[in-house]
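**Q** Provided below for reference: sequence and predicted model.
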Amino acid sequence: MFHNFGKLRKLSLVFCIMTAVILSACSNKETSGNADNAKKDGVTTLTFWHENTGVGEEAINDVVDAFNKKHKDIRVKAVYTAANESQNEKLLAAVAGGNPPDISWFDRFKIGSWASEGSLTDLTKYADRDGVTKDNYYPFAWDEATYKDKLYGIPVDTDARLLFYNKDAFKDAGLDPENPPKTISELEKAAEKLTIKDGNRFKRIGFIPWYNQGWLYSWGWGFGGDFYNKDKNIVTLNDPKIVESLKWIADYAKKYNVEDITGFTDSKGSGEMDPFITGQLAMHIGGNWSISGYLKYKPDLNYGVTPIPTPTGTDFTSWSGGMAVVVPKGAKHPDEAWEFVKFFGSEEGQELYNGKYKTLSVIDSVNEKLGYKKDPLFSQFINILPESHNRPVIPEGELLWNELSNAVDNAIHGNGKPGDLLKAANDKVNKSLK
């Protein structure tokens, strides 16, 4: 489906250019980008598109209000736009039509593809001038906001993945709830003790490597592999360590019968019926956002979090994503827009946003101020962030994601050897990168 992904992206851009006039004409004042009269009485009004609702929107408004109070000559107006693919198309159409918003809320994962197409403003000169550097942020977050050593956004929040484990299930299985698995071998032994199976039906399953946030990124880096060679601009999906991690996943699927596991996962519930909450799943790889859900649906859930096990029980790592604020290409007021982007990425802006929304900041000192480092659960996520990775910032990031997902799906179902599957995926992505 994604064989000609690069060409499809270009065709998408052409389509957006053709439809830009129509979309711009149909948009109302609330969602239009730069108005011609954006500067009035010495005050420049900036439009900021975002996709947050609820507490997330309140957090953005707190940042906007604080900025507006500090800048009498700049007024930022936050405008909600729906969080879906049509929002991306709308923004791309606005850029193509020459009428984008001044600032946009943006998934860092997409910065590489958009920057490669010239759809984002290069912010490097502003950052260099004002002393905004990588040293201010967790390295992975800054790296994910850059493309070809140029800065295209300022990171604002982040996440991480760890192993969640049910302490009551550990006690029930005769395991020490204060000594979770650190090595792959320990993980396998714990999963075996935790699993209760009746025929082909799991009453409780100890662990599913690919479940929830158990993407290949979660395991490949943990096994010591690397997915991208930046100097050569090639992906390295057939790195021996990544192949080793996928082989382990495939062997696990075979041991517990992937069809039986699929039957379990297909019937799983959500919310209060989440299998981790109900005790049907003893361990899983999850993100920090899961904490709020568990607190809401089962506040007395007795669980812990720990780094994702590795073959050696050392060199723990994770991977992280998150959002950024960007200035779309063609924005009428890039100088003023930068001032807001810079403020949002400052300690003050980060404390306002992440403090209200209860998300992780990309600035270590802010996480400390917010008390995350003292929280028994959040502190584990904070501790892993300095060692966390970002997904490769390349135009074909989405293709890469899909190819890795397909390789895992085929491997666990026995449709090919892990090494062959990853080599095919590697060749496909690198061909598109040329």
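**A** Thanks, I have it.
**Q** contacts and neighbour counts: CA atoms only from here.
**A** OK.
**Q** Name the helix or strand of the protein that has the lowest mean pLDDT.
**A** None of the helices or strands of the chain scores lower by mean pLDDT, DSSP states H and E than helix 5-26, at a mean of 45.
**Q** Buried residues of the strand or helix carrying residue 76, list them for me.
**A** Here residue 76 sits within strand 74-80, counting by DSSP states H and E. By neighbour count on 16 or more other C-alpha atoms under 10 Å, the buried set for strand 74-80 is 74-79.
**Q** quick one: secondary structure of residue 304?
**A** Look at residue 304: counting by DSSP: H, G, I helix; E, B strand; the rest coil, its state is strand.
**Q** tally of neighbours for it?
**A** Number of residues near residue 304 (other C-alpha atoms under 10 Å) recorded here: 18.
**Q** how close does the residue most central in space within the chain get to residue 429?
**A** The geometric centre of the chain, computed from its C-alpha atoms, lies nearest to residue 321 (C-alpha atoms, centre = their mean), at 2.8 Å. Going from residue 321 to residue 429 by C-alpha to C-alpha, to the nearest Å gives 21 Å.
**Q** before we move on, the earlier item: what's the distance between the helix or strand following the strand holding residue 76 and the middle of its chain?
**A** On the C-terminal side of strand 74-80, the closest following helix or strand by DSSP H and E is helix 85-96. Relative to the centre of its chain, helix 85-96 is centred 20 Å away, using C-alpha atoms, centre = their mean, to the nearest Å.
**Q** Roughly how far does residue 251 sit from residue 418?
**A** 10 Å.
**Q** Same drill for those two, tell me which one is more crowded.
**A** residue 418 (25 against 16).
**Q** Would you confirm that the more buried one contacts residue 242?
**A** No - using C-alpha atoms under 8 Å, residue 418 makes no contact with residue 242, being 9.2 Å away.
**Q** contacting residues around stretch 288-296?
**A** 159-161, 271, 277, 301, 359, 378, 381 (C-alpha atoms under 8 Å, 6 or more residues apart in numbering).
**Q** Actually, stretch 62-69.
**A** 74-78, 340, 343-344, 349, 352-353.
**Q** can you check stretch 255-267 too?
**A** 200-202, 208, 253, 412-413.
**Q** one step back: centre of the chain versus the strand holding residue 76, how much separation?
**A** Distance, centroid of strand 74-80 to centroid of chain: 25 Å (C-alpha atoms, centre = their mean).
**Q** what about it, average pLDDT?
**A** Here strand 74-80 scores 98 as its mean pLDDT.
**Q** Check stretch 187-196 too.
**A** On average, stretch 187-196 scores 99.
**Q** Going forward, the N-terminal residue is numbered 463.
**A** Sure, I'll start numbering at 463, so the last one becomes stretch 649-658.
**Q** Please point out which parts of that stretch sit buried.
**A** Quick answer for stretch 649-658 (16+ other C-alpha under 10 Å): 649, 652-653, 655-658.
**Q** which among those gets closest to residue 864?
**A** residue 649 (27.1 Å; C-alpha to C-alpha).
**Q** I'd guess the closest one is in a strand, am I close?
**A** No - assignment of residue 649 by three-state DSSP gives helix, placing it outside any strand.
**Q** Need the buried ones from the contacts of stretch 750-758 selected in ChimeraX.
**A** Of the contacts of stretch 750-758, the buried ones can be selected in ChimeraX as follows, counting by 16+ other C-alpha under 10 Å:
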select :621,622,623,739,763,821,840,843
